[in-house]
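Chemist: could you look at this predicted model? Sequence included:
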Number of protein chains: 2
Amino acid sequence: MDETGDNGVAKPSRIQKQNRGRIIEAALDVFSQHGYRGATLDQIAERAGLSKPNILYYFNGKEEIHVTLLSQLMDRWLAPLRRLDPEGEPLDEILTYVRRKLEMSRKYPRESRLFANEILQGAPRIAPHLEGELKPLVDGAASTIQGWIDAGCIAPTEPRHLIFSIWATTQHYADFEAQVGVLMDGRAATDGADAFLTTLYTRMLQPVS
Amino acid sequence: MDETGDNGVAKPSRIQKQNRGRIIEAALDVFSQHGYRGATLDQIAERAGLSKPNILYYFNGKEEIHVTLLSQLMDRWLAPLRRLDPEGEPLDEILTYVRRKLEMSRKYPRESRLFANEILQGAPRIAPHLEGELKPLVDGAASTIQGWIDAGCIAPTEPRHLIFSIWATTQHYADFEAQVGVLMDGRAATDGADAFLTTLYTRMLQPVS
DNA sequence: GTGGTCTTTTACCAAATGGTCAACTTAACG
DNA sequence: CGTTAAGTTGACCATTTGGTAAAAGACCAC
């Protein structure tokens, strides 16, 4: 047993941390661009500046890299929804959530595409995370929103579909960038997106009294 | 030269039509589920009930099958937007467009996912179609919508972002079905979607006078 | 039927790919 | 230092995969 520390997991050395980081970074590049099956260990190795056997020294296989990537991604991805505050001003909370999601789309398009790729193929490797992490979080957010609706703070809607539409519209700019780029030639896509989505959800949710 | 007819293209025999059809159908299944690189000719062959070399007798290679599929798909995919009528009642026209797109998502989820997969990877094989077919169509629709806005028939917005949001929200139910299914367990996802999107775009576009 | 074309299959190939292994090099540390 | 463990690599392997060649089989007009 070469365990250190207290929980049965060996403490990673400096070199371990660095190389695992480089592999994950390279894998994010490659997986997000080509999908799971389209990505090859050679591509990841080259991008990471390591040899293929060396990659397999740090991860037990291609799938483990992918799963590690998805797990790490989930945290960052769900953070904006976690910050939805039931005590905040309802419309403002939702608009802030929309802006945060849009910012994620801008700042982390690779993560967005990796996630989209995984879901598109039926979420074979991330299904447990959807059930275990995402679902309770969404359930909570949905009842928060429902509470706002019941209190008359925002116009009535189905909370879950509202959430879906926010995901869809914000992630669209990262996931379908190739298409948006063609259709918006010249024009700045993301600037307009912010204004449009603010308008969309303001008009959608403003209570009519 | 074994050409028949008038335009240099051999007229397909009964058996040709049947087998090419079966291959395309099988390929739609496989490509939409696994993406381009994840799909194999063997899978397509098995699903089509033909041998692999026989598949390659009808198509010159994997890529040709994929491109054929995408080309055929584009027509069906753009049909709803083509039916947007500048002479119609504006809000009604857009809501009808939303419902048609949502219906496509329900009836042709494989096509939706195939398309999403292609765009996600940077549209390597469909880029010409985007420029040549999609772009002029969207330009036309955008100016139609802009006309409605200028006439005060619907509330002002950026037409292109409006179109993006319609695509995103409707296709979401097909492309992210794996996720929607987990989060909507029990509840009927598509019924609620129709009501939600109608509300969303009605509130968004109703002119305030 | 028969000749000729269209269709299908068997056997095969070269390249790509995920992964292994034993040997080698480097870092850590007393 | 020197020894031990951590890290790295070149060579190799089995399988998968897109694709080919040629022969065998089915179809069809005459």
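Modeler: Nice, thanks for sending it over.

Chemist: could you report the neighbour count for residue A:79?
Modeler: The number of residues packed near residue A:79 is 11, by other C-beta atoms under 10 Å in any protein chain shown. The way it works is simple: take the backbone N, C-alpha and C, and place the C-beta from them, glycine included.

Chemist: can you pull the contacts of it?
Modeler: Under the criterion of C-beta atoms under 8 Å, 6 or more residues apart in numbering or on different chains, residue A:79 has no contact partners.

Chemist: so residue A:39 makes contact with residue A:27?
Modeler: Yes. Assessed by C-beta atoms under 8 Å, residue A:39 is found in contact with residue A:27 at 7.4 Å.

Chemist: just checking, what packs against the top helix by length along chain A?
Modeler: For chain A, the helix that runs over the most residues, judged by DSSP state H, is helix A:14-38. If you count contacts as 3 or more C-beta pairs under 8 Å, 6 or more residues apart in numbering or on different chains; DSSP states H and E, helix A:14-38 packs onto helix A:41-48, helix A:52-58, helix A:62-82, helix A:109-120, helix B:14-38.

Chemist: from residue B:108, how far out is the most centrally placed residue in chain A?
Modeler: Centroid-nearest residue in chain A: residue A:77, 3.4 Å away (criterion: C-alpha atoms, centre = their mean). Per C-beta to C-beta, to the nearest Å, residue A:77 is found 28 Å from residue B:108.

Chemist: quick check: which ranges of chain A have low pLDDT?
Modeler: A:1-11, A:209 (pLDDT under 70).

Chemist: what does it have sitting close to DNA strand D?
Modeler: Chain A comes close to DNA strand D at residues A:2, A:13, A:15-16, A:19, A:50-54, A:57, as judged by C-beta under 7 Å from any atom of the strand.

Chemist: one more time with 6 Å
Modeler: Within reach of DNA strand D by C-beta under 6 Å from any atom of the strand, chain A has these residues: A:2, A:13, A:15-16, A:19, A:50-51, A:53-54, A:57.

Chemist: just send those back as CSV, with neighbour count too.
Modeler: Shown next, in CSV, are those (neighbours: other C-beta atoms under 10 Å in any protein chain shown):
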residue, neighbour count
A:2, 4
A:13, 9
A:15, 8
A:16, 13
A:19, 19
A:50, 18
A:51, 12
A:53, 9
A:54, 13
A:57, 12
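
Chemist: show me which positions of the longest helix of chain A end up buried.
Modeler: Across helix A:14-38, burial judged by 16 or more other C-beta atoms under 10 Å in any protein chain shown covers A:19-20, A:22-24, A:26-38.

Chemist: kindly calculate the angle that that helix makes with helix A:62-82.
Modeler: Computed by axes from the mean of the first three to the mean of the last three C-alpha atoms, to 10 degrees, the angle separating helix A:14-38 from helix A:62-82 equals 90 degrees.

Chemist: for the residue nearest to the centre of chain A, what are its contacts?
Modeler: A:104, A:111, A:115.

Chemist: over to residue A:35?
Modeler: A:117, A:121, B:35, B:37-38, B:117, B:120-121.

Chemist: check whether residue A:186 sits in a helix, strand or coil.
Modeler: At residue A:186 the chain is in coil, as set by DSSP: H, G, I helix; E, B strand; the rest coil.

Chemist: which bits of chain A sit near DNA strand C?
Modeler: Counting by C-beta under 6 Å from any atom of the strand, the residues of chain A near DNA strand C are A:14, A:40-42, A:52-53, A:56, A:61-62.

Chemist: buried ones among these?
Modeler: A:41, A:56, A:62.

Chemist: the second one - nearest residue in space that isn't next to it in sequence?
Modeler: When you say that, I think you mean residue A:56. residue A:41 (7.5 Å; C-beta to C-beta, 6 or more residues apart in numbering or on different chains).

Chemist: how close does that neighbour get to residue A:118?
Modeler: 18 Å.

Chemist: could you do residue A:185 as well?
Modeler: 30 Å.

Chemist: quick one, what contacts the residue nearest to residue A:56?
Modeler: So residue A:41 contacts A:52, A:55-56, A:62 (C-beta under 8 Å, 6+ apart).

Chemist: next, count neighbours for residue A:82.
Modeler: So residue A:82, with other C-beta under 10 Å, has 11 neighbours.

Chemist: I'd guessed it sits against residue A:137; true?
Modeler: Yes. Contact status for residue A:82 versus residue A:137: in contact at 6.7 Å, counting by C-beta under 8 Å.

Chemist: ok, residues contacting the helix or strand containing residue A:103?
Modeler: For residue A:103, the host element (DSSP states H and E) is helix A:90-107. Helix A:90-107 is contacted by residues A:76-77, A:80-81, A:83-85, A:111-112, A:145, A:148, A:153-154, A:162, A:166-167, A:170-174, A:190, A:193-194, A:197-198, A:201-202, A:205-206 when judged by C-beta under 8 Å, 6+ apart.

Chemist: next: stretch A:112-127.
Modeler: Residues contacting stretch A:112-127 (C-beta under 8 Å, 6+ apart): A:28, A:31-33, A:35-36, A:63, A:66-67, A:69-70, A:73-74, A:77, A:104-105, A:130, A:171, A:174-175, B:33-35, B:38, B:113, B:116-117, B:120, B:175-176, B:178-179, B:182.

Chemist: my read: residue A:182 touches residue B:136, true?
Modeler: No. Residue A:182 is not in contact with residue B:136 according to C-beta under 8 Å; the separation is 11.2 Å.

Chemist: so between the two, which is more surrounded?
Modeler: Taking other C-beta under 10 Å, residue A:182 and residue B:136 do not tie; residue A:182 has more neighbours (18 against 10).

Chemist: so who does the more buried one touch?
Modeler: Taking C-beta under 8 Å, 6+ apart, one finds B:123, B:127, B:130-131, B:134-135 in contact with residue A:182.

Chemist: quick one, what contacts residue A:62?
Modeler: Contacts of residue A:62 (C-beta under 8 Å, 6+ apart): A:39, A:41.

Chemist: could you rerun that using 7 Å?
Modeler: residue A:41 (C-beta atoms under 7 Å, 6 or more residues apart in numbering or on different chains).

Chemist: any figure for the gap between it and residue A:38?
Modeler: Distance, residue A:62 to residue A:38, by C-beta to C-beta: 12 Å.

Chemist: one more: residue A:206?
Modeler: Taken as C-beta to C-beta, the spacing of residue A:206 relative to residue A:38 amounts to 44 Å.
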